[in-house]
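*Asks:* What shape does this take:
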Amino acid sequence: MTKEIINKDDLAMDSLIIYSKEEGILFNKSDDKKINVRSIAKLVTSLAFGVLIDKSNGDFNEDTLIFDFLRDRVDISNKKNINKLKNIRVKDCLTHTMGYRDIILMSKDIENHLKDKLLDYALNYPLYFKPGVEFLYSNAGYYVLAAVMEEYLDSNLYDFINENIFDKLEIKNPRRDRYGKYLAGATKLYLNAEDLLKLGKLILNNGYYKDEMIVSPNFIEKMTQKIYKNDKDYRDESYLSDDFYGYSIWTGKDDIMYASGSGGQYVIILKKEGIIIVATNGGSTDKVPVIKSQINEIIKKIKEV
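*Replies:* Residues are numbered from 1 along each chain as shown. You can find the predicted model right below:
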């Protein structure tokens with residue numbers, strides 16, 4: 001099968017793994033180098049939230065109001081934000097519907113900001129919309145969520161993620177950077193392709209890894225829902241078309257589900273076929289269009305087999 005769909009010499013990505021639930025590894029071009037997988041960090045933060053729901057017996061949940069945990073940790077100088085901040089739920093952080101009109105906390109946006117002041121920056125940045133209504137993808141929601149989870153736990157969120165996710169998935173020596181006191185949440189997670197495959201297996205197997213439940217199947221189902229439609233101003237005909245968003249998971253053409261990070265990082269789930277595709281690129285971002293095109297052709301050929 002792999003000979004029919006891949007020319008190894010032409011691959012633009014640094015790593016590519018194709019895994020079949022029935023047959024195992026179909027193709028593996030990867031190394032053990034850990035790179036910043038960028039927005040795939042959102043997937044891990046989302047999974048950690050799913051674990052926390054169960055660990056707290058539902059006390060911490062999608063409807064938990066975030067401001068109750070942060071009001072004493074930030075200086076809200078923009079008083080116009082307060083009423084909206086009081087109504088933002090965890091779900092609104094997960095789905096990029098906090099109420100922003102502008103994309104914030106992306107890499108270029110934070111270059112001139114002190115990292116330990118980013119939470120103040122995020123919560124003072126103008127909120128134009130009622131929470132839970134307008135979808136706008138950015139890094140803000142998952143950074144704020146990481147802060148809220150850490151305050152709820154009253155302990156290090158990184159340790160919580162290691163104990164409840166990475167250790168159980170046998171992911172060795174992961175690294176997550178912090179923005180001041182809190183994990184970046186939305187980015188700055190360093191994993192390799194094999195690590196990403198394990199995250200993919202967790203999604204494909206409805207929260208189980210080697211017969212142990214890591215995250216509840218109910219939460220995995222919520223993660224992969226088509227909660228918000230991405231009203232793009234362009235038409236993307238590829239399988240990775242970013243049409244709908246759930247809790248850190250995109251859904252594209254033909255119900256292909258995936259987590260993605262800028263630069264060419266992907267964990268792709270073909271649920272019906274029982275296939276996972278992992279791609280990483282630690283090099284030039286100029287390769288991104290080619291990587292996406294090559295993955296699209298791989299998916300197309302898998303569906304034709």
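*Asks:* Which strand or helix spans Lys292?
*Replies:* For Lys292, the host element (DSSP states H and E) is helix 288-304.
*Asks:* Run through the neighbouring helices and strands of that helix.
*Replies:* helix 2-5, strand 265-270, strand 275-280 (3 or more Cβ pairs under 8 Å, 6 or more residues apart in numbering; DSSP states H and E). In this view, the C-beta of every residue, glycine as well, is placed from N, C-alpha and C.
*Asks:* Measure how far that helix is from the centre of its chain, please.
*Replies:* 21 Å (Cα atoms, centre = their mean, to the nearest Å).
*Asks:* Contacts for that helix, please.
*Replies:* Applying Cβ atoms under 8 Å, 6 or more residues apart in numbering, the external contacts of helix 288-304 come out as 1, 4-6, 10-13, 18, 238-240, 254, 256, 262-264, 266, 268, 270, 273, 275, 277, 279, 281.
*Asks:* relative orientation of it and strand 265-270 in degrees?
*Replies:* With axes from the mean of the first three to the mean of the last three Cα atoms, to 10 degrees applied, the angle from helix 288-304 to strand 265-270 works out at 20 degrees.
*Asks:* Of all the residues in helix 288-304, which ones are buried?
*Replies:* Residues of helix 288-304 classed as buried by neighbour count (16 or more other Cβ atoms under 10 Å): 288, 291-292, 294-296, 298-299, 302.
*Asks:* can you state the direction angle for that helix and strand 275-280?
*Replies:* Using the same axes, to 10 degrees: helix 288-304 against strand 275-280 is 170 degrees.
*Asks:* So what does Lys29 have for phi and psi?
*Replies:* Main-chain torsions, Lys29, degrees, to the nearest 10: phi -120, psi 90.
*Asks:* Out of the buried residues of helix 288-304, which is nearest to Asp231?
*Replies:* Lowest distance from Asp231 to the buried residues of helix 288-304 (Cβ to Cβ) belongs to Lys292, with 20.5 Å.
*Asks:* ok, back up a step: of the contacts of helix 288-304, keep whichever come out buried.
*Replies:* 5-6, 11-13, 18, 238-240, 256, 262-264, 266, 268, 270, 275, 277, 279, 281.
*Asks:* Looks like Thr251 contacts Ser260 (just checking).
*Replies:* No - look at Thr251 against Ser260 with Cβ atoms under 8 Å: they stay out of range, at 11.7 Å.
*Asks:* who wins for proximity to Leu85 among the helices and strands packed on helix 288-304?
*Replies:* When the helices and strands packed on helix 288-304 are compared by Cβ to Cβ, strand 265-270 sits nearest Leu85, at 31.5 Å.
*Asks:* Would you list the phi and psi of the spatially closest residue to Asp177 that is not a sequence neighbour?
*Replies:* Closest residue in space to Asp177, ignoring its immediate chain neighbours: Lys188 at 3.6 Å, by Cβ to Cβ, 6 or more residues apart in numbering. Dihedral pair for Lys188: phi 60, psi 40, per degrees, to the nearest 10.
*Asks:* how much space between the nearest residue to Met106 once chain neighbours are set aside and Arg38?
*Replies:* Among residues not flanking Met106 along the chain, Asn139 sits closest, at 5.6 Å (Cβ to Cβ, 6+ apart). To Arg38, Asn139 is 9 Å away according to Cβ to Cβ, to the nearest Å.
*Asks:* Tell me the residues that contact both of these two, please.
*Replies:* The contact sets of Asn139 and Arg38 overlap at Thr187 (Cβ under 8 Å, 6+ apart).
*Asks:* Of those two, which one has the most company?
*Replies:* Taking neighbours as other Cβ atoms under 10 Å, Asn139 and Arg38 compare with Asn139 leading, 27 against 19.
*Asks:* and the more buried one, what pLDDT?
*Replies:* On pLDDT, Asn139 comes in at 97.
*Asks:* where does Thr45 land in three-state SS?
*Replies:* helix (DSSP: H, G, I helix; E, B strand; the rest coil).
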